[in-house]
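A.B. asks: mind folding the following:
(chains A and B)
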There are 2 protein chains.
Amino acid sequence: MMGDEPAMSLSEFNLIERYFTGRGPRRDDVVLGVGDDCALLRVPGGMELAVSIDTLVAGVHFPEDTPPAAIGHKALAVGLSDLAAMGALPAWATLSISLPRVDEAWLEPFAAGLFALAEAHDVALVGGDTVRGPLVITLQLHGHVPAGTALRRGGARAGDLIYVTGTLGDAGLGLAVAQGRIAPPADDARYLRGRLDRPQPRCETGIALRGLASSCIDISDGLAADLGHILDASGVGARLELARLPSSPELRRHGDETQAWRLALSAGDDYELCFTVPPAHAAEWERRSAGQACGSTRIGLIEAAPGLRLQRPDGSLLPLAHAGYDHFDDAGMQP
Amino acid sequence: MMGDEPAMSLSEFNLIERYFTGRGPRRDDVVLGVGDDCALLRVPGGMELAVSIDTLVAGVHFPEDTPPAAIGHKALAVGLSDLAAMGALPAWATLSISLPRVDEAWLEPFAAGLFALAEAHDVALVGGDTVRGPLVITLQLHGHVPAGTALRRGGARAGDLIYVTGTLGDAGLGLAVAQGRIAPPADDARYLRGRLDRPQPRCETGIALRGLASSCIDISDGLAADLGHILDASGVGARLELARLPSSPELRRHGDETQAWRLALSAGDDYELCFTVPPAHAAEWERRSAGQACGSTRIGLIEAAPGLRLQRPDGSLLPLAHAGYDHFDDAGMQP
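C.D. replies: The predicted structure follows:
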């Protein structure tokens, strides 16, 4: 703490204990969680992993329009989606919150949303840090993956099949709902908004892809941008069959197929997986995929020629710019 | 990314690559660093650790008064100090920055300050996340410690000797310098401000304490508050000999001994270690301690009776309130 103003008052400290300590799954491999300088996590070989997180804040301000429970869900979901894209099994999370003031009406649903998803994926919250400042949430996740089996971006080869999980474009349309730009029927609006606010990380699929996929990424910035990262890292190109892009009935009811393509390619926030499978593994993947709740759809082919080609049902190519998309590099540094 | 405004533009993405990728120590145990969905870190037993970090931001604002190089140093130092307090050997860091705009004049010295300290402690930056928003920095560290040897807060027993590293109170006085509340001679001002802006984490001492100390904590909130956490966690009390509190010549030149005690007990931000050593290990610790650059000073004794007693040179007790200190619980949740 610095100066005369404590970083956290007694009541704030207890508030954190109240909302974030002793909740979520209990794990045998958490030797020491919240309450000391570091969390201690058991790793193989007689070692423990010590984990620390701190936040420095300058600034005061706070706009928001998403329900706090959805913020809690999504803060964890985006990290889980990253683990899913690597084929890692989630284990531990740490949370840093900068908060302008103690607001129980915000914190309780935030924590509830976070821990509901943590339960579903057996993730223990093993540490955290809170400071006073503008609302900023940082959540770090730790997962395990057997050495050498993690799914990277750089392994796609010409001839590999391109797949995506679930359906694409719903979250982008959900944002239009949230912003009042469109007003679909209530049931559709609820579904679309839910896809924006409560993405379901595809951890089960990521783990099932170990040993089969040649590359994988999660779709946070839109299919074109994220598949573009795979193409760049792998030094290859791709051809997508637009007619094969999976879309929900709710999305299809809203507009024509060109609009559905545009949303799938560029709208982002879907947190589905995009991955490539060598032809030799395709049959095995189709078999394993049958057991996945979210399913997966083959949407195209990796080609040697660089670039992304979008093929209409009549065989003609849709220019990338017409897909509402003009560059490949708008993603932040990630992990 | 959400909606029409990309989370990061191309130039911002490259900026992050420019300042934070491929810098700092190279480590053999970093299988995959920045550039994919997760960092992959080798841990014993044929496993890798996957690490992900994400930040959600709401809010825009940005006041600052500390040189960016010092912010970079301190962001890492506070986490290293946490590891030191556990006796863990630092290994990996992840960084999350919320930034209102691209400001190279800020980012470059920030990165330089961070990586200078990272080099000194052989810490690899293995991942990061950047978003647009108010200036908020979250830095997470990972370190190793052999199973069962980590220094906890809860192990102090009556009869144990209490030690601190370095000198206490300098950072508190440095804050008064920074705020213009005092104006000591220029050399003293520079030293005190440096102690505030560039704390030196005591990792070497923490590791040397393995197997000897019964408890340990780093002093971020002032000796009374942080020793208080040890007392609370251990179910014991303590008696401090105020005359033994180590202080710098610069601090002693500024005021009387009562002021020095007050600063040491309550000012915080020193990032020294406070730890307890059972009498049976005291001789061995004194021997090991001789090799520590920062040194350590025995300042008191753990007692069975709860509470903290501050003993003046004449044997009388200084009331806690007179030490500028009135509660034990103003620290944030920590890891």
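A.B. asks: residue A:274 reaches residue A:161, doesn't it?
C.D. replies: No: counting by Cβ atoms under 8 Å, residue A:274 sits too far from residue A:161 to count as a contact (11.6 Å). (C-beta placed from N, C-alpha, C; glycine too.)
A.B. asks: how about the strands of the stretch 1-150 of chain A, start to end?
C.D. replies: Remark: strands assigned in the stretch 1-150 of chain A by DSSP state E, counting those that start in this stretch are A:30-32, A:39-43, A:47-57, A:89-99, A:124-132, A:136-146.
A.B. asks: how about the stretch 201-335 of chain A?
C.D. replies: Counting by DSSP E, counting those that start in this stretch, the strands of the stretch 201-335 of chain A are A:215-218, A:237-241, A:273-277, A:296-303, A:307-311, A:317-318.
A.B. asks: how about these in TSV, adding distance to chain B and mean pLDDT?
C.D. replies: Shown next, in TSV, are the strands of the stretch 201-335 of chain A (distance: least, Cβ to the nearest Cβ, whole Å; pLDDT from 0 to 100):
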stretch	distance to chain B	mean pLDDT
strand A:215-218	6	92
strand A:237-241	18	97
strand A:273-277	10	97
strand A:296-303	18	97
strand A:307-311	17	96
strand A:317-318	20	90
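A.B. asks: could I get those in JSON lines, plus columns for mean neighbour count and distance to residue B:279?
C.D. replies: Supplementary listing: the strands of the stretch 201-335 of chain A in JSON lines, determined by neighbours: other Cβ atoms under 10 Å in any protein chain shown; distance: least, Cβ to Cβ, whole Å:
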{"stretch": "strand A:215-218", "mean neighbour count": "28", "distance to residue B:279": "56"}
{"stretch": "strand A:237-241", "mean neighbour count": "20", "distance to residue B:279": "70"}
{"stretch": "strand A:273-277", "mean neighbour count": "28", "distance to residue B:279": "59"}
{"stretch": "strand A:296-303", "mean neighbour count": "21", "distance to residue B:279": "65"}
{"stretch": "strand A:307-311", "mean neighbour count": "18", "distance to residue B:279": "71"}
{"stretch": "strand A:317-318", "mean neighbour count": "14", "distance to residue B:279": "79"}
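A.B. asks: for residue A:183, find the nearest of those.
C.D. replies: Each of those has some distance to residue A:183 by Cβ to Cβ; the shortest is strand A:317-318, at 28.0 Å.
A.B. asks: now do the closest one: which elements does it pack against?
C.D. replies: Applying 3 or more Cβ pairs under 8 Å, 6 or more residues apart in numbering or on different chains; DSSP states H and E, we find strand A:317-318 packed against strand A:307-311.
A.B. asks: name the residues that touch the strand it packs on?
C.D. replies: Contacts to strand A:307-311, defined as Cβ atoms under 8 Å, 6 or more residues apart in numbering or on different chains, come from residues A:224, A:227-228, A:231, A:237-242, A:261, A:265, A:300, A:303, A:317-320, A:323.
A.B. asks: okay, now the unreliable bits of chain A?
C.D. replies: A:1-42, A:44-65, A:102, A:127-132, A:147, A:322-335 (pLDDT under 70).
A.B. asks: where exactly do the helices run in it?
C.D. replies: Here chain A has its helices, by DSSP state H, at A:10-20, A:68-86, A:104-121, A:170-178, A:186-197, A:203-208, A:223-234, A:249-254, A:257-266, A:279-289.
A.B. asks: thinking again about what came up before, which one of the strands of the stretch 201-335 of chain A lies closest to residue B:140?
C.D. replies: Ranking those by their distance to residue B:140 (criterion: Cβ to Cβ) puts strand A:215-218 first, at 20.5 Å.
A.B. asks: quick one: residue A:85 and residue A:215 touch, right?
C.D. replies: No: using Cβ under 8 Å as the test, residue A:85 is too far from residue A:215 to be in contact (9.7 Å).
A.B. asks: export stretch A:263-270 as CSV, just CAs?
C.D. replies: The C-alpha trace of stretch A:263-270 is given here as CSV (Å, rounded to 0.1, in the frame of the first residue of the first chain):
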residue,chain,number,x,y,z
LEU,A,263,-20.9,-12.1,-39.4
ALA,A,264,-19.1,-15.5,-39.3
LEU,A,265,-16.0,-14.1,-41.0
SER,A,266,-15.5,-10.8,-39.2
ALA,A,267,-17.7,-10.3,-36.1
GLY,A,268,-15.7,-12.1,-33.5
ASP,A,269,-16.5,-13.1,-29.9
ASP,A,270,-17.9,-16.5,-30.8
